[in-house]
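Chemist: requesting a structural model of the entry that follows:
(one chain, ligands or ions: 1)
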Amino acid sequence: MYKFTLLITLLFTTLSFSQSLQSPEEFLGYRIGTEFSRHADVVSYFEYVAANSDWVTYREYGKTNERRSLTYAIVTNPENQANIETIRTNQLKNAGIEDGSADPDKAIVWLSYNVHGNEASSTEASMLTLYELITTKKEWLQNTVVIIDPCINPDGRDRYTNWYNKVKATPYDTNPDAAEHNEPWPGGRANHYLFDLNRDWAWATQKETRQRLKVYNSWLPHIHVDFHEQGINNPYYFAPAAEPYHQIITPFQFQFQKEIGTNHAKYFDQNGWLFFTREVFDLLYPSYGDTYPTYTGSIGMTYEQAGGGRAGLGIKKADGTILTLVDRVAHHFTTGISTVEMAANNVDRLNSEFKKYYSNSDVSYKNFTLTGESDHLAALAELLDTHSIEYSFALSGTTSGYKYTSKKQGEMSYDQALVVSTDQPKGKLVHVLFEPEAALSTPLTYDITAWSLPYAYGLEAVASTKANSETTTVPLASERNAMSKNAAGYISKWNSMEDAKFLSALLQANIKVRFSEKAFTNSGIDYPNGSLIITRSDNNSTEFDSELITIANQFKRKLTAVQTSFASAGPDFGSSSVKLINKAKIAVLSGEQTSSLSYGATWHFFEQQLKYPVTSILAEDLSRVNLTDYDVLVLPSGRYRFDEGSLDQLKSWVRGGGNLIAIDNALKAFSDKDGFALKESEPVKEEDTIVNKLIPYAERESSRATELISGSIFKTQIDNTHPLAFGYNTTYYTLKIGSDAYALLDKGYNVAYLTDNPESVSGYAGEDALKALENSLVFGVEPMGRGSLTYMVDDPLFRAFWQNGKLFFVNALFLNNPNNYRD
Ligand SMILES: [Zn+2]
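Modeler: Reported below is the predicted structural model:
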């Protein structure tokens, strides 16, 4: 098998060079690629090498949710090791992030392995790459620092490899039908909470990402490689990337990707290995392991080997040949080494171009000014901190430029605003994250096409081409409360996730909380509907005031103590419009009928964001569960196979007072079914069918784009008199991730919806898809008996980054009290 020769030759050469240092094979006791290595064993090998070589330092940068180590190795010659802090800070000085001048003479390459857990060959390759660099490629390490993260996603990788080791035949079975090639739900791709870590770099919702970004931002490498795997029949993929490219990417970044690709091609051609470039994997969505580094000045690249969760140690491909783990490792090893070679040969260019990247004088928007609810501003500021992006808070002023809500030039005045300038080292990243709309050369992208942060955080914003002179930094007010022993009760606002977390903590402390369905005035202050009311009569313990104040201070909530429950306008505290919030028992469906991403996002929301208990129930076990034990049942997106019996079970539970929340594809379990009000809108096709039938083969893919919505932002109308929309204004910007459309409910409440002229404010939406969205539902409630079904066409928990949608979900859990619909 000629394919193995390169690897074998390399292993033999390295052995003769360093008798003292064990190769991965010697250390682990098997040839790399003939077994899947456990994460702990990979860590042991890196520790062993660092302990026995002064060319390697190895550090832990964090732990995963399942307490596995997140690590990185710094690989360079001993003189550089001794000087490593200077090398690192010189890089930051070159970017303008640290003060002082520097004349850096080192290249920094960062190799990230195995972000997708079941694309498991790359972690194996990381060990061979480490060994190769410090044995036969030492000369490159004179002027190059290589940082190796052997596994970005250890929980996912071990989930995959432990499963594989458990079911695999001996010897391994190459028949694709074999169990070892058919990974069970949810697979090993994602992390513990089933998040795709290669969609999380910019939003940093996951523990792995947040810990990695701290280290990554302290280095900002010249080159970053994210190693992946794809379908088993594909040739290897490497840079240059596919269109669309983001416009902020510089000519040098294109050019150098191409040069690296050419270097790889040389080795692949020598070995007779197939590859492809420039197709499929684009550079647009900013949350990938290639784009995020690109937007911070790196040459950011994705490498894709054939393999993934299906491939095991060996599998027969469609052409009859066998793809082995040994081959997969050899390819990733080769591109990793070739990348370091390119860095070592181009140190001066990499440094001078890196410096140029950080000059942001040519960026079109100079300033983004955002105003709105202070919790939303604070949440956004926290995200900016994660990326080491600078910002300031400005007090009262006016700014002009592109207004996000009107999509026109205009003025915006504010009492308090967050100002983010592009005149800072991370200016290009700021531009990408905040710009109203990313220009697209083709709508056929690998991912969503809109993410603009002002819409995601529910803020009014202006993008300005002029610098904002006002740069006063004013800290956001922080609330402290004092006890008021004579108070009839306390009132607190309801319009942010911080309010929701506060409610969650109160309910778990068994403090009874009410909300007002109507606006009211008490002691001269007006309160909108949804305001929380915590009364002494509901909570008659002596500890009540101190417990409540402690929790409010912990969540920085402002409580207004009122001496009377009498309202000068609107309902009094004792009114039937002031409803008690139930400490709901909540269940969520999981398992292979659900989308693992949607289930994971829901699970993460309860455990890590809202911090409220939830019971996960396998969808296939539903008929064995006594649903009357639960108040709320959440159906994440999925392909549910409910038979009539299950649908009847759900219906009778809802009629008896159950609160069912269905998200995204879960709506298909109810749409157009007997006894449910939900109807799917048929996609509208162009009438001129002859023309459609005669679209040439070569144009079919792009013609399909008219039916597409690839992650776009839409402005929706809101009925904010309904509890599902308490805390919101009359408009809301939703992220649509697909083109499914549902008609407005005949029997029920259409709480968020698109009108007869649906307009995508950012991102791609094809004309046929837009027609189907006319007068369509976004969020709605169908009352049924004593309970209700809440339909969420767009998933507000998608990737956990659409901050402003989350309160709809919390309202559905707690304020949309099914008892409201009692007949
Ligand atoms: Zn991948």
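
Chemist: ok, now which ones touch the residue lying farthest from the centre of the chain?
Modeler: Centroid-distance maximum for the chain: N486 at 46.7 Å, with CA atoms, centre = their mean. Taking CB atoms under 8 Å, 6 or more residues apart in numbering, we find N486 in contact with Q563. Just so you know, the C-beta spots here come from the backbone N, C-alpha and C atoms, and that holds for glycine as well.

Chemist: quick one: pLDDT of it?
Modeler: Model confidence at N486, expressed as pLDDT, equals 86.

Chemist: cool, and E759?
Modeler: Reading off the model, E759 has pLDDT 82.

Chemist: next, count neighbours for it.
Modeler: 14 (other CB atoms under 10 Å).

Chemist: if we ignore the residues flanking it in sequence, what's nearest it?
Modeler: K715 (6.3 Å; CB to CB, 6 or more residues apart in numbering).

Chemist: could you pull up phi and psi at the one you found?
Modeler: phi -90, psi 120 (degrees, to the nearest 10).

Chemist: still on that earlier bit, quick check: the residue farthest from the centre of the chain vs N540, distance?
Modeler: To N540, N486 is 14 Å away according to CB to CB, to the nearest Å.

Chemist: give the helix, strand or coil label for the residue farthest from the centre of the chain.
Modeler: When classified by DSSP: H, G, I helix; E, B strand; the rest coil, N486 comes out as coil.

Chemist: the lengthiest strand in the chain pairs with which strands?
Modeler: In the chain, taking DSSP state E as the definition, the longest strand is strand 408-421. Here strand 408-421 is paired, per DSSP bridges, with strand 367-371 (antiparallel), strand 392-403 (antiparallel).

Chemist: can you pull the buried residues of the last one?
Modeler: Neighbour-count burial for strand 392-403, with 16 or more other CB atoms under 10 Å as criterion, is recorded at 392-394, 397, 399, 401-403.

Chemist: let's have the residues you listed in a markdown table, adding distance to the ion and pLDDT.
Modeler: Listed next are the buried residues of strand 392-403 as a markdown table, based on distance: CB to the ion, whole Å; pLDDT from 0 to 100:
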| residue | distance to the ion | pLDDT |
| --- | --- | --- |
| S392 | 38 | 92 |
| F393 | 39 | 90 |
| A394 | 42 | 88 |
| G397 | 45 | 89 |
| T399 | 41 | 93 |
| G401 | 38 | 96 |
| Y402 | 36 | 95 |
| K403 | 38 | 96 |
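
Chemist: thought K518 was touching P571?
Modeler: Yes - at 5.5 Å, K518 and P571 qualify as touching, with contact defined as CB atoms under 8 Å.

Chemist: for the ion, what's its nearest residue on the stretch 151-300 of the chain.
Modeler: H228 (3.3 Å; CB to the ion).

Chemist: wait, a strand at that residue?
Modeler: Yes - counting by three-state DSSP, H228 is part of a strand.

Chemist: residues in contact with it?
Modeler: 115-116, 119, 122, 198, 302-305 are the contacts of H228 under CB under 8 Å, 6+ apart.

Chemist: in helices, which of these fall?
Modeler: S122 (DSSP state H).

Chemist: show me the subset of the contacts of H228 that also lies near the ion.
Modeler: Cross-checking those against the ion (CB under 5 Å from the ion) gives 116, 119 as the overlapping residues.

Chemist: ok, and the most crowded of the contacts of H228?
Modeler: S122 (33 neighbours).

Chemist: nearest residue to it other than its sequence neighbours?
Modeler: F227 (3.6 Å).

Chemist: low-confidence regions, the stretch 201-350 of the chain specifically.
Modeler: 280 (pLDDT under 70).

Chemist: do the same with the stretch 501-650 of the chain
Modeler: If you take pLDDT under 70 as the line, the stretch 501-650 of the chain has no such spans.

Chemist: which parts of the stretch 1-150 of the chain sit against the ion?
Modeler: Residues of the stretch 1-150 of the chain lying near the ion (CB under 5 Å from the ion): 116, 119.

Chemist: who in this structure is up against the ion?
Modeler: 116, 119, 228.

Chemist: tell me which of those residues is nearest to L735?
Modeler: H116 (23.1 Å; CB to CB).

Chemist: wouldn't that closest one be in contact with N153 here?
Modeler: Yes - assessed by CB under 8 Å, H116 is found in contact with N153 at 6.8 Å.

Chemist: so what sits against both of the two?
Modeler: By CB under 8 Å, 6+ apart, the residues touching both H116 and N153 are 190, 197.

Chemist: am I right that V49 sits in a helix?
Modeler: Yes - under three-state DSSP, V49 sits within a helix.

Chemist: can you verify my assumption that it contacts I134?
Modeler: Yes - with contact defined as CB under 8 Å, V49 reaches I134; the gap is 7.4 Å.

Chemist: overlap in contacts of those two?
Modeler: The contact lists of V49 and I134 share 21, 56, where a contact means CB under 8 Å, 6+ apart.

Chemist: and whichever residue of the stretch 701-823 of the chain sits closest to the ion, what does it touch?
Modeler: Closest approach between the stretch 701-823 of the chain and the ion, counting by CB to the ion: R799, at 15.8 Å. Under the criterion of CB under 8 Å, 6+ apart, the contact list for R799 reads 195-196, 199-200, 203, 205, 287, 597, 601.
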